[in-house]
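A.B. asks: Take this sequence and fold it.
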Amino acid sequence: MYKTIKGALSTLLAALLAVLFLPASTAQAATGTPRATGTIEEVTGFGSNPGALRMYRYVPAGLPAGRPVVVALHGCTQNATTYGTQSGWTELADRWGFSVVLPGQTSANNLSNCFNWFQAGDIERGRGEAASIQQMTARQLADTGGSRAYVTGLSAGGGMTAVMMAAYPETYAAGGVVAGLPYGCAQAAGSPYVCMYVGATQTPAQWGDRVRAARPGYTGPWPRLTVFQGTSDTTVKPVNMADLVEQWTNVHGTDQTADTKDTVGGYPHAVYRDAAGGVAAETYTITGMGHGQPLDPGSGPAQCGTAGAYMLDVNLCAAYEMGRGWGLAG
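C.D. replies: Reported below is the predicted structural model:
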């Protein structure tokens with residue numbers, strides 16, 4: 001009896017020690033609880049920085065060289081580090097193995113900490129804030145031996161996401177616009193507020209021409225577009241999602257009719273494919289959601305994010321859906 005009890009206790013102790021001293025990734029799988037493996041740090045000296053922005057980044061500990069880079073742009077009244085964690089991007093970086101660049105706006109540039117997606121001097125290739133974000137991306141790709149980059153953002157950060165896709169299409173494989181605006185919308189509408197609340201009257205070809213003019217002579221592949229938009233958003237009206245689709249399907253040389261429609265998490269999802277069958281654009285229409293980033297806090301495989309101001313728990317995490325669609329999970 002003594003030997004039996006002693007053997008059982010030894011087996012139990014060995015099992016506990018095995019879990020305690022597993023490598024981080026294995027221990028996470030064993031417990032089901034995500035573990036942070038890095039910290040957000042500020043980076044200086046990343047370039048000439050004509051837009052006077054600040055650069056932060058998150059790199060999981062032990063990240064192998066050659067992994068992707070995601071650039072995540074906060075919205076108005078937000079800051080880079082909080083957006084990075086609340087949106088779920090740093091959590092997914094640990095889970096899937098990629099690094100995150102978190103550009104930070106300053107009140108000296110914009111009193112509400114909005115990226116200036118509406119000012120010509122900040123949305124043109126080689127100038128202002130767009131050039132600063134590109135320099136951050138280039139620095140991170142160089143530092144990590146990154147294989148490819150993606151860009152995404154909320155609200156004003158979503159507007160700047162469209163800017164980066166248009167001005168630097170050779171850098172970003174895909175872009176995710178959350179409650180944002182098409183490229184050149186403020187110029188087309190005559191005002192950023194008209195663009196936000198009413199939209200701009202443009203044909204798909206006119207929208208597409210604005211993107212093509214941002215990168216004259218470009219013949220390479222254009223970034224894939226993903227859009228998330230709440231139907232009850234009164235800050236950036238849903239018409240902007242329709243305009244984004246018109247803009248980027250035209251750039252990809254396809255029509256504005258969805259090739260497939262289904263639901264994801266109970267919300268309408270549409271996919272627009274190019275002539276080769278690749279995804280040119282896709283939309284997630286979040287029924288009843290106001291202005292903010294869709295989240296699904298929790299520890300489930302498709303869950304991520306932390307609820308807060310403009311960070312909305314709607315049982316669907318935008319960062320997860322973007323990352324999965326872009327192939328980051330693999």
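
A.B. asks: Once you drop chain neighbours, what's closest to residue 233?
C.D. replies: residue 291 (4.6 Å; CB to CB, 6 or more residues apart in numbering). C-beta here means a position set from N, CA and C on the backbone, and glycine is covered the same way.

A.B. asks: show me the contacts for the one you found.
C.D. replies: Contact analysis of residue 291 by CB atoms under 8 Å, 6 or more residues apart in numbering lists 155, 179, 230, 233, 234, 235, 236, 310.

A.B. asks: show me where the chain has helices.
C.D. replies: Assigned by DSSP state H, the chain shows helices spanning 2-20, 24-31, 80-86, 89-96, 120-123, 128-144, 156-167, 185-189, 192-197, 204-214, 239-251, 318-325.

A.B. asks: Buried deepest among those helices, which one?
C.D. replies: Among the helices of the chain, the stretch with the highest mean neighbour count (mean count of other CB atoms under 10 Å) is helix 156-167, at a mean of 30.

A.B. asks: okay, it in CSV with CA atoms only?
C.D. replies: C-alpha atoms of helix 156-167 as CSV (Å, rounded to 0.1, in the frame of the first residue of the first chain):
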residue,chain,number,x,y,z
ALA,A,156,-8.6,58.2,-38.2
GLY,A,157,-6.2,55.3,-38.0
GLY,A,158,-8.4,53.5,-40.5
GLY,A,159,-8.3,56.6,-42.8
MET,A,160,-4.5,56.5,-42.5
THR,A,161,-4.5,52.8,-43.3
ALA,A,162,-6.1,53.6,-46.7
VAL,A,163,-3.4,56.2,-47.1
MET,A,164,-0.6,53.7,-46.5
MET,A,165,-2.2,51.2,-48.9
ALA,A,166,-2.4,53.8,-51.6
ALA,A,167,1.0,55.6,-51.1
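
A.B. asks: Give the other helices and strands that that helix contacts.
C.D. replies: Helix 156-167 sits against strand 69-73, helix 120-123, helix 128-144, strand 149-154, strand 172-178, helix 204-214, helix 239-251, with contacts defined as 3 or more CB pairs under 8 Å, 6 or more residues apart in numbering; DSSP states H and E.

A.B. asks: got TSV for the ones you listed, with distance to residue 257 too?
C.D. replies: What follows is these, written out as TSV (distance: least, CB to CB, whole Å):
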stretch	distance to residue 257
strand 69-73	30
helix 120-123	29
helix 128-144	31
strand 149-154	25
strand 172-178	20
helix 204-214	11
helix 239-251	9
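
A.B. asks: I'd like these as CSV, with mean pLDDT and distance to residue 91 appended.
C.D. replies: Shown next, in CSV, are those (pLDDT from 0 to 100; distance: least, CB to CB, whole Å):
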stretch, mean pLDDT, distance to residue 91
strand 69-73, 98, 12
helix 120-123, 97, 30
helix 128-144, 98, 18
strand 149-154, 98, 15
strand 172-178, 98, 16
helix 204-214, 98, 32
helix 239-251, 98, 26
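
A.B. asks: among these, which is nearest residue 220?
C.D. replies: strand 172-178 (11.0 Å; CB to CB).

A.B. asks: So which elements touch the closest one?
C.D. replies: Using 3+ CB pairs under 8 Å, 6+ apart, strand 172-178 is in contact with strand 149-154, helix 156-167, strand 224-230, helix 318-325.

A.B. asks: what lines up beside it in the sheet?
C.D. replies: Applying DSSP bridges, strand 172-178 is found paired with strand 149-154 (parallel), strand 224-230 (parallel).

A.B. asks: hey, C-alpha coordinates of that strand in CSV?
C.D. replies: What follows is strand 172-178, C-alpha atoms only, in CSV (Å, rounded to 0.1, in the frame of the first residue of the first chain):
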residue,chain,number,x,y,z
TYR,A,172,1.8,46.3,-47.5
ALA,A,173,0.3,43.0,-48.6
ALA,A,174,-3.1,43.9,-47.1
GLY,A,175,-4.9,46.6,-45.1
GLY,A,176,-7.7,46.5,-42.6
VAL,A,177,-9.8,49.6,-42.3
VAL,A,178,-12.0,49.7,-39.1
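
A.B. asks: Fine, thanks again, bye for now.
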